[in-house]
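Novice: When you get a sec, could you give me coordinates for this:
(3 chains)
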Amino acid sequence: MIPVLLIVIPLLSGLVSFMLKSSTGAKNWALFSSIITLIVSLIGLNLQKTSAYLQFDASWLPGLGSSFAVGLDGMSKILSFLTALSFPVIFVATYRDEYKNANNFYALMLLSQTGLMGVFLANDALLFYFFWELALIPVYFLCSIWGGEKRIQATFKFFIYTFVGSLLMLVGLIYIYLKTPEHSFSLKAFYGMNQRLSGHDQSWLFWLFFIAFAIKMPIFPFHTWQPDTYEQSPTAVTMVLSGIMVKMGLFGLLRWLGPVVATGTWVWGDTASALCIIGMIYASLIAMQQDDLKRLIAYSSIAHIGLMCLAIFATTQTGLQGVMIQMFNHGINIIGLWIVVDLIERQFHTRKISELGGLAQKAPSLAIMLVVVALANVALPLTNAFVGEFLMFSGVYSSDATKYNVVFTVVAGISIILSAIYTLNMIQKVFFGNTNALTANAKDIKLNEKIILAVIIVAILLIGVFPKPMLEMTKESVDVILAKMNIKL
Amino acid sequence: MPINYYIFLSVALFCIGVTGVLTRRNAIIIFMCIELMLNAVNLLLVAFSKMHHQAVGAAVPTAGIDGQIFVFFIMVVAAAEVSVGLAIIVMLYRNTHSVDVNFLNRLKH
Amino acid sequence: MLRSAFSVPRLAILMSNIVQLVWLVPVLPLIGFLINGLFRKSLSKSLTGIIGSGVILISFIISLLIFFQVKQEGFQPALVRLFDFITVGKLSIPFEFQVDQLSSLFLLIITGVGFLIHVYSTSYMHEEERQHFARYFAYLNLFVFSMLLLVLGSNYVILFIGWEGVGLCSYLLIGFWFKNIEYGNAAKKAFIMNRIGDLGFLIAIFWMISKFGSVGFAEVFSKTSTTSVAVLTGITLLLFVGATGKSAQIPLYTWLPDAMAGPTPVSALIHAATMVTAGIYMIARSNIMYTLAPVTQTVVAVTGVATAIFAATIALKQNDIKKVLAYSTVSQLGYMFLGLGVGAYTGAVFHVMTHAFFKALLFLGAGSVIHAMGGEQDIRKMGGLKKYLPVTQITFLLGCIAIAGIPPFSGFFSKDEILAGAYEKNPVYYVLGVAGALLTAYYMFRLYATTFLGKFRGTHDQEHHLHESPSAITIPLIVLAILSVIGGFVGIPEVFAKNAHALEHFLSPIFAQSKEIQEQHATGSSPELTLMVISVIVALAGAIYGWTRFSKKPELEDATGFRKVLANKWYVDELYDTIIVKPINALGKFLNNVFEKSIIDWIVNGIGRAVQYSSRQVRLIQSGQVGGYVLLMVIGIVILFLVEIFIKQ
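Specialist: The predicted structure follows:
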């Protein structure tokens, strides 16, 4: 019941929002609906895993062997909770942003929430694909209608990129479907396929899926849509894209690729890991050169996602637990960063680092909050990202899946240093030093903004100090994934 | 008569039709060539129908009848096609004062 | 009711179990941090100062009580588990504190010196605005919290948390005056250089996890005897990389002199007395692994002695009062690493302690001078301050004598112990160490003489404002001076009195295993008394030469020739800039401007262009000629026929 509610509430309220007239009404309606979703999600979090409320299965397309099967396990819980939590945060944080045709804007936002929820909850491959596309389409419209100057170009690139990936994945899904003995799209049927598919099949199936997920995450060299799209999208959409949507790729890797095409994943793991690591260093080096805050964060996100992907290919318990917790952490942290960027952009109408400076004198609260979030971004101990990155690196180091574990750890570790460099550069140039003509009359943040950033900071510290509940929640999923991934032909 | 004769005849007719369609520019002649192709097929259908009937013998009186029914359908379709086609040709002539199909390159645009 | 809660027997129970309350020691500064940080705008300066210093004082008192309990015979190391931090599969990392001789000693140093510096700061930072004043104390409290976490952790991860935490506080405090871009750059440099070391530390932790399945001190050390030397060498070398970052050794030392951009009490607390000794603490804690990895020991000793000499040469020609002290800190840290490298663990820890006293004293004294001079740090513009700042002058002189290693001041005992250990291992270390001691004595007395003796060389305006600092500044100076003088007596060498080395006795459980192994390889006794005499004579010579040379005729002109190389710190910063920073930036620029745009995006857009191009070409077939379409159709049918007839079979 819970998973259905998580999908249906945003869907229905999104449709209702199309019909609303007033923009404030739409805003409040969206906020209200997202809070309801959050409450439902919280209830789901607290249910035992055996609870019947966590699974739902209804006949959907019986002729195709596909059913409307949705369910919440540890991994879905954590990601659906991230989705449910992010939307109200985003709505509150961007409450002061005014959009033309706000009812449509919020309706599309809620529809993309539906799609995201569906992706994380689906236990059926066709349903997964359906929601995968459903999440993409509203975002396409959101960017291309409410985006920046070069939005059409950027969105076009984004759409073509992700769509190519989706189609490759669809081919893979259908191939596997046809090979299942009972012609079924169900997760269970797919999980038995590792032993049935030949090594040769698995090789190319792996790449079909991996490219789709790699584009979404994104992994070098499939990443060039991301900085452009983040730069051009309205900040609320950027938050959705970077905070949640990139997790679709990681989630797909964990649920639909690793356990299903385990042998292929194992065979190509080293190559994919190498791509991840090149991407981490590459993106970090580029981030050091960025002058636009949004692009800087975009590249830093590429580096962080690369590490998560790397840890997945390491197939160790520590690594995967790290990925689980880090998927959530990355979402929170990057949304926090976007909120700060949005606040800066709204006040000064620029995102250029070189044009800002000395904000700490004028806006101390903003500076403190940014520093905390930025420190979480560089994985300082006792922030949430430390737990995740520590576990992931530790997992990569002790991995049996590759011969190059030490090399991988060391080279990927360099990105820790690089991330400190670009993050501190950014803090220094934006907040420290003397004020200039633009920032001389800067104002500090308002109460509602303080509250929302405080929520994020509390989450950062809470998970950073006491990550145990979250680790326990995902333990079971990790064990299942690991058991499947370790069966090699 | 062996079935081969029918086949060769209808193949010959069909090829004449195809060549006509490809080489002639006069719309009416092209039409006639199309009819020729249709009739080549009709001939073949009738011939095979007869052959099947003979092969089964009198035991099944309706054997092979569907081929002949098909011929009727084709004739009906051909008639309808001709009427529509001729109407188009008339319109073409009214517009271009010619029935040369090379003038019909509007599809390009 | 209240009264009964504090009745005598209960108090006694509490006292005997004071170790269980060890969590209070770090938590109190954390509370101080939160109060000062959150209410920085509403608290008055005096209240901020009281809270900031008060929490440290209470921590100090608890630490003292813990120390006395630890000191009792038969004390067993106590583990105080707070909660599970990370538990994944077989790996369990609890948030757990370990109280033993080593950690309790460090607790005393940190909270004791920390308290004095907090008190000192209440006066030194008084001219700051209220909220910045509170921010300063919040950072300082946070630092003490992190440092206590570092020494209390019962496993490498908790140690690492404190390790990075102190790095953060150091970053925040170096850049405390954030309007100044230079200071910000220094702060950034410190953080990044530390991070480079931290990467080594982290990899060592990962190695331990994969090798031992645990990061707890007890578990790891119990498995070392069955581990191959190669693995231990690897792990210890990586840990040492971490230590070179935090404790400012070659090649990662350049951040520490720049870190002097922070307020002077910060330099005293963080960049002299406590944080930079974290590396020594960590290696002393892991002593058994180092003892079992002789290659690493050699590396540590060589790095230490090289840093000691190298930094000392730079200090010879520095004119900024804080820079001289900074390089002398680097140099003294080098001695401590030399001690660790030659297996003189007690000596190294002893030197940490005495160094904390006299270096904090020297920095605070320097702060008092800078305060009096209105922010001036160049010693060429000082001179003759003796009569204006009597207390500062006396305490500073005592500090100089202590650091120079002249008996019976504290520095003598600890340095001597290290040098004796070095001689035992290899006389070359000893010779180099004594050479370093000569340089140390020389530049310290150069500093003293140039600053306090001779005539005043500043402006008339400055002279008018010269005054002795208030008691909040002088009292900590006096306390530290007393400690610098007598602090050495806890470690009187064997040659003077049998069993008088109280510190060695106290710390013996920590280093027992190492000692056992060392004794198997012992090469016999060294002529300790002779060595001691040599080093004292050398130090005295350096001190007297420095004093006489600079008290009358200070060095005012800019250095030339080789001296210029020293004054410019051997151009190491420039070297790093050329071989590391610039290439990385160039690479970043290349990737950003060329690779990303001209190659990757070119390929991506190229695919799009290829699609468009081919569609343009294919469009030509669509001529609009009906005949053409029909021809194509016929050709298609023919091809299908051919395929059907010839190929399908």
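Novice: For the rest of this, base every contact and every neighbour count on C-alpha atoms.
Specialist: Noted.
Novice: residues near residue 72, how many?
Specialist: Picked chain A for this. Residue A:72 sits with 25 neighbouring residues when counted by other Cα atoms under 10 Å in any protein chain shown.
Novice: hmm, I had chain B in mind actually
Specialist: Residue B:72: 13 surrounding residues under other Cα under 10 Å.
Novice: for the one 10 residues further on, same thing?
Specialist: If you count neighbours by other Cα under 10 Å, residue B:82 ends up with 17.
Novice: Can you give the contact residues for stretch A:462-474?
Specialist: With contact meaning Cα atoms under 8 Å, 6 or more residues apart in numbering or on different chains, stretch A:462-474 is reached by A:73-75, A:78, A:321, A:324-325, A:381-387, C:84-88.
Novice: Which among those residues count as buried?
Specialist: A:73-75, A:78, A:321, A:324-325, A:381-387, C:85-88 (16 or more other Cα atoms under 10 Å in any protein chain shown).
Novice: Now, the residues you listed that are in helices?
Specialist: The members of the buried ones among the contacts of stretch A:462-474 that map onto helices under DSSP state H are A:74, A:75, A:78, A:321, A:324, A:325, A:384, A:385, A:386, A:387.
Novice: biggest separation within the residues you listed, which pair?
Specialist: A:74 and A:386 (20.8 Å; Cα to Cα).
Novice: mind checking how far the nearest residue to residue A:238 once chain neighbours are set aside is from chain C?
Specialist: Leaving aside its chain neighbours, residue A:238 sits nearest to residue A:230 (5.3 Å; criterion: Cα to Cα, 6 or more residues apart in numbering or on different chains). As judged by Cα to the nearest Cα, to the nearest Å, residue A:230 and chain C stand 16 Å apart.
Novice: Who are the contact partners of residue A:230?
Specialist: A:238, A:241, A:242, A:294, A:295, A:298.
Novice: name the element the residue lying closest to residue C:88 once chain neighbours are set aside belongs to?
Specialist: Counting by Cα to Cα, 6+ apart, residue A:318 is the residue found nearest to residue C:88 once chain neighbours are left out, at 6.0 Å. Residue A:318 belongs to helix A:317-348 when elements are defined using DSSP states H and E.
Novice: Report the distance from that helix to the chain centre.
Specialist: Centroid displacement of helix A:317-348 relative to its chain, using Cα atoms, centre = their mean, to the nearest Å, is 9 Å.
Novice: Tell me which other helices or strands the next helix or strand after it touches.
Specialist: Next in sequence after helix A:317-348, counting helices and strands by DSSP H and E, comes helix A:359-362. Using 3 or more Cα pairs under 8 Å, 6 or more residues apart in numbering or on different chains; DSSP states H and E, the elements in contact with helix A:359-362 are helix A:364-377, helix A:405-431.
Novice: so who does the closest residue to residue C:490 other than its chain neighbours touch?
Specialist: Counting by Cα to Cα, 6+ apart, residue C:502 is the residue found nearest to residue C:490 once chain neighbours are left out, at 5.2 Å. Under the criterion of Cα under 8 Å, 6+ apart, the neighbours of residue C:502 are C:490, C:491, C:492.
Novice: Now tabulate these in a markdown table and tack on distance to residue A:148, pLDDT and secondary structure.
Specialist: Formatted as a markdown table, these follow (distance: Cα to Cα, whole Å; pLDDT from 0 to 100; DSSP: H, G, I helix; E, B strand; the rest coil):
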| residue | distance to residue A:148 | pLDDT | secondary structure |
| --- | --- | --- | --- |
| C:490 | 70 | 85 | helix |
| C:491 | 71 | 82 | helix |
| C:492 | 74 | 82 | coil |
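Novice: Among the residues you listed, name the buried ones.
Specialist: By 16+ other Cα under 10 Å, the contacts of residue C:502 give C:490, C:491, C:492 as buried.
Novice: so how far is residue C:518 from the closest residue to the last one other than its chain neighbours?
Specialist: Which is residue C:492. In this structure, residue C:492 finds its nearest non-sequential neighbour in residue C:501, 4.9 Å apart by Cα to Cα, 6+ apart. Going from residue C:501 to residue C:518 by Cα to Cα, to the nearest Å gives 19 Å.
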